[in-house]
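[1] The following block contains a protein sequence and its predicted model.
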Amino acid sequence: MIVGQRGWRHRGAIALFVAPSLVPLLLFTVGPMIASAGLSLLSWNLLRPPVFVGLDNFERLAGDANFRAAVIHTLGYVAGYLPLVLVGGMLIALALNQRLRGLAIFRTAYFLPVVTSWVVVALMWRWLLDPRAGIVNFALGLVGIDGPGWYTDPAWAMPSVIVASAWKDLGFVMVILLAGLQSIPEEYYEAASVDGAGRWSRFRNITIPLLTPSLFFVLVISLINNLQVFDQVWVMTKGGPAGATSVVVEQIVTNAFSYGQMGYAAAMSWVFFVVLLVITIVQFRLQRRWVTYD
Amino acid sequence: MRSLTRALAAVAATAMLAGACTGGGATPASATPGDTPGDTTPTASPVAPSAPAEPVTLTYFTFSAAPDHLEDLDAIVQAFEQKNPNISIEVQTAAYADYFTKLQTQVAGGSPPDTFELNYENSVAYASSGALLDLSPLAAADPDFDPSVYYPKAYEVFQADGKQFGVPEQFSDVILFYNKDLFDAARVAYPDPSWTWEDEREAAEKLTDTANGVWGHYQPIQFFEFYKVLAQNGGTFFNADQTQSTFNDAKGVEAAEWLIGKLDKTMPSDAFGPDQDSALFKSGKLAMWHTGIWLFPSLADAPFAWDVSVEPGNVTKAHHFFANAVVASATTEHPAEAWAWLRFLTSSEEAVKVRLDASWELAAVADQSLFEPYLSQTPPDNREAVFDALADIVTPPVIEQQSQMQDIVTQALEKARLGQMSIPDALDEAATQVDALLQ
Amino acid sequence: MTELTGARPVMAGIARLRTGRYVARGALYAVLAVGGIAMVFPFLWMLSTSFQTAGALLVPPPQLIPSPIETGNYAEIAAAFPLWRFLLNSVGVATISTVLQVATSAMAAYAFARLTFRGRDLLFLLYIATLMVPLQVTIMPLFVEMRYLGLIDSYPGLILPSIASAFGTFLLRQAFLSLPRELEEAAFMDGAGHFTVFRRIVLPLARPALATFAIFAFMASWNSFLWPLIIVNSPDLMTLPVGLSNLQGRYATSWNLLMAGSTVAVLPILIVYAVGQKYVIRGVTLTGLKG
């Protein structure tokens, strides 16, 4: 029986722990979010005073072919990106969880891309993949393959963005899973081997289950972040060529700041918010099936 | 870890304090209503001036100063502040790519800069939205201001409904750069003003040598080039009262074919990476290049001989005219001072000299004699082409949803270029979409 | 006799196992090394470009070793921009943000992981929901709010929106949830209150997660671009990413200068990462709580 389960002391504890983050969150994030929901009922080019248009923006959204295309591209991006980064990150985390020589160097090397901003990373990839001067096509040319235009080719642009993104975020997944792996107490492994469990059995019965909380985090966060993919698309391809890499947040930003359709952009983002929320709630419900907390 | 973070926090806090003490931004002049004296308050002139010498700080937001002309702008600011000791100018910069995001947020959020820069295509939306100060009363009240000091066309384009909402700051155009060494080697005559598209095509064919990675010419395939070649072909973008697009007619299709038809024959189709065309020309692999005069300084040390010429026309000649203006916010608290600054920034002797010396585009002034130093710089020899081109200009078609229109046209050209649609179909689709914007 | 003949195959078997393990190890190293090079290669290029002259760029074939080597780029950007000021601002802002975020997120995470109260899960969902609307949409109302508070172009304006972190709260909640409860329950029985348990038991045990989050929080704040762009006007308060973006001209960019600036921008985060990693790696006594 934990002391002070009810009563003021308990409530005081809750307030003490929650308030320092809840108050700023409400003031500087939730507040503006609610205000932006109000924006979705307006037509506003940011220069003139806004005009109330009710649900017009949402009606327009339903018939917007560009938005539909952006949603499809976004889903395609996530479908390609997620397996690459989760499996890759997991493998690297497992590999680097052992006592290897030069561990720190490997850890730093794999984290290096995460640490840099997309402005630089996107540029590097554009150079690497440059159809004429890039090293990738140069190397392909050495073995006689005529490399495609990569990010300038509508068929290869999205795969290029996916690979660049997975490359960059591998280290992120690695670091989180590594922290999770390192938190598994040695005693569990020792006890298991004393009981005669082999490496695979230890992996299956200790590592995986105790890693599921971290895996869950990585999955939920990756989905939320990458359905809102923006930075790399903006810097690498600006949604092109010919709209092949246009994604939802890119449409939102273009509408808000280039086309003077701030209300429409807000409506777009709130429709998308509902999608993100539903996906996340489903994941939280499903976690009972596969995530084990101690 | 705790002690480490505590130490870091202490360092950070000290840094903050140090920053705040050395003029960090404790009193944001634009946020609080009412007059707030600037951080750098110069001493008022001892001679009693006719106007009240209350210290005023003006903010000036610019995209054209960074990164190459910060010192030049600083020189202009210093000169202005010397002549007007009660006004201090606070320069704010942003990269062009981020400029309008920040500017719009500030305007919409009620905290715009006092003065700022706009390019012509964006200025129309700002003017019609009432975000800009009408400068005509200030100009009229200014005893020694004469609008003829400005390049006439440049001054006119920033007027609307009888109001002057901006003062032209600089203008530029696009001309044809060519590599003389490549022309000599292929024994092709240099481009001259009489050239048509056909002449350029013929020359490019002779100059293209794909075995050695040399290409005949390069011209971007996007909105700006399109409306220009459309005009060169005798077409118009809209009909007379701007209620319908006419760029998808036969002349428009021919113009688009001129842009796209060069691909892979005389123009590289994969040179679309960052600054690829620039890299090609600078490494001597591109014989002719349609690009802007702003690149003169970066080609000064090119390892080959090069010159410029006006671009070829087809039915007629037509050249770009890009102009930037400086404007004042409609809600600025210091309109008189803003006017003084805008006027100085654009037409004072000091400012014009700084701009021309630095080849910082072209100051939009009418006095041709001021351009002598600019014209006598080499390379290129034929700098007169810059002004010859101004004899036949075409201004961009501008509507309120400018950005959307530009994207529609550029995307249509991209689809045609990539072979996703035929040129007539792509242009028709674009015309329908642009017409929808005109409603 | 049988033992001798029996021992030799066993010894040979062990020897085979050992070489097998070495081969496996070697293969692992090889794969990791190749992967590591793939990760690091673009950086070598960034570093190399920062030492190239403007004219030498982008000329095929791509060169990894710059020739001629131009060391002046770093000096040039330091001369063109108040680089030290940008760096100082970034360090200060990122440090303060990180400290505040780790503190507030850890506390909230403890509440969500260990305390029960009505509406807890709904509140947690609210936290997660704040990650689902892009900043570009909420930035307008946030800017207006800052204007009313008089905080435009100020350090508080820059930092306030990033005191709390839903990302961090989520990460730490997962970490706290997987800690064994026995130690905490023992402490409660000894009469400890929540805050003591939090401080003395939970936090030390969750050190890898805390260090990991600290690294991410620092990184996110360091690389943050849009909000500093909008809220900061004067160069005195500019942070590094916004300052460096000024190197991108309207028509052309000096890539060699931009790469030099970006190299400078990457170094501090690497330092933070290196320091933070020490806390993520399992210590010798992780669960060495006695009694």
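    Ah, there it is.
[2] residue boundaries of the helices in the stretch 101-250 of chain B?
    Secondary structure of the stretch 101-250 of chain B, counting by DSSP state H, counting those that start in this stretch: helices at B:120-128, B:136-141, B:152-157, B:180-186, B:197-207, B:223-232, B:250-261.
[3] actually chain A, sorry about that
    Listed in chain order, the helices of chain A (DSSP state H) span residues A:7-25, A:31-39, A:56-62, A:65-95, A:103-115, A:118-128, A:135-142, A:154-182, A:186-194, A:199-202, A:208-227, A:231-236, A:248-253, A:262-290.
[4] Same question for the stretch 51-200 of chain C.
    Across the stretch 51-200 of chain C, reading from the start of the chain, the helices by DSSP H, counting those that start in this stretch fall at C:72-80, C:83-114, C:120-129, C:135-148, C:155-159, C:166-177, C:182-189, C:194-197.
[5] related to what we said a few turns ago, adding mean pLDDT, write the helices of chain A out as JSON lines.
    JSON lines is the format used below for these (pLDDT from 0 to 100):
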{"stretch": "helix A:7-25", "mean pLDDT": "89"}
{"stretch": "helix A:31-39", "mean pLDDT": "96"}
{"stretch": "helix A:56-62", "mean pLDDT": "95"}
{"stretch": "helix A:65-95", "mean pLDDT": "94"}
{"stretch": "helix A:103-115", "mean pLDDT": "86"}
{"stretch": "helix A:118-128", "mean pLDDT": "80"}
{"stretch": "helix A:135-142", "mean pLDDT": "84"}
{"stretch": "helix A:154-182", "mean pLDDT": "91"}
{"stretch": "helix A:186-194", "mean pLDDT": "85"}
{"stretch": "helix A:199-202", "mean pLDDT": "83"}
{"stretch": "helix A:208-227", "mean pLDDT": "92"}
{"stretch": "helix A:231-236", "mean pLDDT": "90"}
{"stretch": "helix A:248-253", "mean pLDDT": "96"}
{"stretch": "helix A:262-290", "mean pLDDT": "94"}
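[6] got those helices as CSV, with mean neighbour count and distance to chain C columns?
    No exception for glycine: its C-beta is placed from N, CA and C like everyone else's. Putting the helices of chain A into CSV (neighbours: other C-beta atoms under 10 Å in any protein chain shown; distance: least, C-beta to the nearest C-beta, whole Å) gives the following:
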stretch, mean neighbour count, distance to chain C
helix A:7-25, 17, 4
helix A:31-39, 19, 3
helix A:56-62, 16, 13
helix A:65-95, 18, 6
helix A:103-115, 21, 4
helix A:118-128, 22, 4
helix A:135-142, 15, 5
helix A:154-182, 23, 4
helix A:186-194, 12, 7
helix A:199-202, 12, 11
helix A:208-227, 20, 4
helix A:231-236, 22, 9
helix A:248-253, 25, 5
helix A:262-290, 18, 4
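[7] got those helices as a markdown table, with distance to residue B:171 columns?
    Formatted as a markdown table, the helices of chain A follow (distance: least, C-beta to C-beta, whole Å):
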| stretch | distance to residue B:171 |
| --- | --- |
| helix A:7-25 | 48 |
| helix A:31-39 | 37 |
| helix A:56-62 | 38 |
| helix A:65-95 | 34 |
| helix A:103-115 | 43 |
| helix A:118-128 | 30 |
| helix A:135-142 | 39 |
| helix A:154-182 | 36 |
| helix A:186-194 | 72 |
| helix A:199-202 | 73 |
| helix A:208-227 | 44 |
| helix A:231-236 | 30 |
| helix A:248-253 | 30 |
| helix A:262-290 | 31 |
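[8] Turn these into TSV, including distance to chain B.
    Output for the helices of chain A, formatted as TSV (distance: least, C-beta to the nearest C-beta, whole Å):
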stretch	distance to chain B
helix A:7-25	16
helix A:31-39	11
helix A:56-62	12
helix A:65-95	10
helix A:103-115	18
helix A:118-128	6
helix A:135-142	9
helix A:154-182	6
helix A:186-194	21
helix A:199-202	30
helix A:208-227	20
helix A:231-236	9
helix A:248-253	8
helix A:262-290	8
